[in-house]
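*Asks:* Sequence and predicted model, in that order:
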Amino acid sequence: MERQDVRYILNDYERFKTQALNWSQKFQNVVWLDSNKHIDNYTRHESILAVGEYSSLTSNHNGAFEKLKKYQSETNDYIFGYLSYDLKNDTENLLSQNSDNLEFPDLYFFQPEKLLFISPDGVTFKYLKHSKHSVSKDFDEILNSPELIHKQEANNSDIQLRISKDSYLKKVKTILDKIHQGALYEATFCQEFYSENTVINPLSVYKNLNAISNAPFATYLKNGNKYLLSASPERYLKKTGQKVISQPIKGTAPRSSSKKEDAAFKNALRNDPKERAENIMIVDLVRNDLSRISTRGTTKVEELCGIYSFKQVHQMISTVSTETPKELHPVDIIKKTFPMGSMTGAPKISAMEIIEKEEESKRSLFSGSVGYFTPKGDFDLNVVIRSILYNSQKKYVSFSVGSAITSLAIPEKELEECMLKAKAMKEVLI
């Protein structure tokens, strides 16, 4: 599918980003990806906006990856969308039987009519050539969009925990028993915070969440009446040519306004044996996953247990890379490595079975992935964490957090870590 490219120089990059996101609200289908200036060796674009559904694919987990493979091949264009965690049931003989109050489809991708790639030095419009609307008209419309719209009033959300404190501690002890019995080494156990009969302004909540988090994989996704408002710091998988990288996060520490205390938190994370053990276990799992799609001898750890600082927390991040055979379809690369190890545990299947039993709500898009494919078959996908999910029709708001349970885990400390991760989402909803 051919696209026309038109580029404009920007006088005020930050203002244009705000105006473009505001302008996008008139569309039923929106994906906004923002790196928030966290540019590194693996990040190509500052911000991407995809709007207007020319074609799309929606599916439950049954045969979802084969459907996506066919859709991506036949479209041969940019496609944007998401993979929910419950696609695990398409890759393995697993079930998702917990309650689901969000009702997101398991998979959704769309071919956008209009694409904007925005960076400090300019914006490139990539429109389908048949599009009836001219680029210049939309550019002018964006420039004339207000910077502030739909001011968020107080939400007064009644946020509840799906799992009580006592029950959470018991469940962690149960998982620890499984670890001590040798059933697994690590499990990422998650719990849901939710609010019923709640109306929020999704765009305003996203902007507030992004302002206090400033994450490198921030996402605003709208699919009709379903929304994802994400401040994710984590990349799942990125393919450029034949090279594929994964950047799992395991290890979290708080920030402090005191430089001395903040440095102490950071240093403690760097040297914490439990946090390092968690990260290294997942690196080994990711290496094993990537070996399933790699050219022999090309898988390597480019960085082990690096410490990165964000507005809310310090994180321990590793980078694993590999080279893939040219004949391997890009969707097969994802299928053979999904779900990401940082959100499951090790061994992967045992961990998924155990956490399904102990968790009390379906993860849905949480711990799934949002991203895009290029016409060349490259892709970039995040991990959906530090995120709010909203079904406006059901007036249901949800966010989930988790921590990695290993043999060194102390249940009360795991609960503290969950509360730390929940802080930003609670702040923008209360």
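*Replies:* Structure received.
*Asks:* Please name the residues that touch the closest residue in space to residue 146 that isn't next to it in sequence.
*Replies:* Spatial nearest neighbour of residue 146, excluding adjacent residues (CB to CB, 6 or more residues apart in numbering): residue 22 at 6.5 Å. In this view, the C-beta of every residue, glycine as well, is placed from N, C-alpha and C. Under the criterion of CB atoms under 8 Å, 6 or more residues apart in numbering, the contact list for residue 22 reads 145-147, 149, 203.
*Asks:* For those, point out the one with the lowest pLDDT.
*Replies:* Across the contacts of residue 22, the bottom pLDDT score, 57, is held by residue 149.
*Asks:* Am I right that residue 126 sits in a strand?
*Replies:* Yes: looking at residue 126 with DSSP: H, G, I helix; E, B strand; the rest coil, it is inside a strand.
*Asks:* Might you report the residue contacts of the residue lying closest to it once chain neighbours are set aside?
*Replies:* If the residues on either side of it in the chain are set aside, residue 126 comes closest to residue 115, at 4.1 Å by CB to CB, 6+ apart. Residue 115 makes contact with 3, 48-50, 78, 125-127, according to CB under 8 Å, 6+ apart.
*Asks:* Do a quick rundown of the helices in the chain.
*Replies:* Secondary structure of the chain (DSSP state H): helices located at 13-23, 64-75, 88-91, 135-143, 165-180, 202-213, 259-271, 273-291, 330-335, 348-358, 411-429.
*Asks:* can I get those helices in a markdown table with distance to residue 158?
*Replies:* Below are those laid out as a markdown table (distance: least, CB to CB, whole Å):
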| stretch | distance to residue 158 |
| --- | --- |
| helix 13-23 | 28 |
| helix 64-75 | 34 |
| helix 88-91 | 31 |
| helix 135-143 | 37 |
| helix 165-180 | 17 |
| helix 202-213 | 16 |
| helix 259-271 | 32 |
| helix 273-291 | 33 |
| helix 330-335 | 37 |
| helix 348-358 | 25 |
| helix 411-429 | 10 |
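*Asks:* Identify whichever of these lies nearest to residue 320.
*Replies:* helix 273-291 (4.8 Å; CB to CB).
*Asks:* now for the closest one, which elements pack on it?
*Replies:* Packing partners of helix 273-291 (3 or more CB pairs under 8 Å, 6 or more residues apart in numbering; DSSP states H and E): strand 186-195, strand 243-247, strand 249-254, strand 300-309, strand 313-323, strand 345-346.
*Asks:* what's that helix in contact with?
*Replies:* Helix 273-291 is contacted from outside by 185-186, 244, 246, 248, 250-253, 269, 299, 301, 304-305, 316, 318, 320-322, 336-337, 340-342, 344-346, 348, 404, 406, 408-409, using CB under 8 Å, 6+ apart.
*Asks:* Mean confidence (pLDDT) on it, please.
*Replies:* 95.
*Asks:* Begin at 10, not 1, for the rest of this chat.
*Replies:* Fine by me, first position is 10 from now on; the one you just mentioned is helix 282-300.
*Asks:* buried stuff in it?
*Replies:* 284-292, 294-296, 298-299 (16 or more other CB atoms under 10 Å).
*Asks:* what's the spacing between stretch 66-77 and its chain's center?
*Replies:* Taking CA atoms, centre = their mean, to the nearest Å, one finds stretch 66-77 lying 19 Å from the centre of the chain it belongs to.
*Asks:* Find the centremost residue of the chain, please.
*Replies:* residue 393 (2.5 Å; CA atoms, centre = their mean).
*Asks:* Surely that one and residue 380 touch.
*Replies:* No: in this structure residue 393 lies outside contact range of residue 380 using CB atoms under 8 Å: 10.1 Å.
*Asks:* which residues are in contact with both of the two?
*Replies:* Common neighbours of residue 393 and residue 380 (CB under 8 Å, 6+ apart) are residue 91.
*Asks:* Reformat the buried residues of helix 282-300 into JSON lines and put distance to residue 201 next to each item.
*Replies:* Compiled in JSON lines, the buried residues of helix 282-300 are given as follows (distance: CB to CB, whole Å):
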{"residue": "284", "distance to residue 201": "24"}
{"residue": "285", "distance to residue 201": "28"}
{"residue": "286", "distance to residue 201": "27"}
{"residue": "287", "distance to residue 201": "22"}
{"residue": "288", "distance to residue 201": "25"}
{"residue": "289", "distance to residue 201": "28"}
{"residue": "290", "distance to residue 201": "25"}
{"residue": "291", "distance to residue 201": "22"}
{"residue": "292", "distance to residue 201": "28"}
{"residue": "294", "distance to residue 201": "24"}
{"residue": "295", "distance to residue 201": "26"}
{"residue": "296", "distance to residue 201": "31"}
{"residue": "298", "distance to residue 201": "26"}
{"residue": "299", "distance to residue 201": "30"}
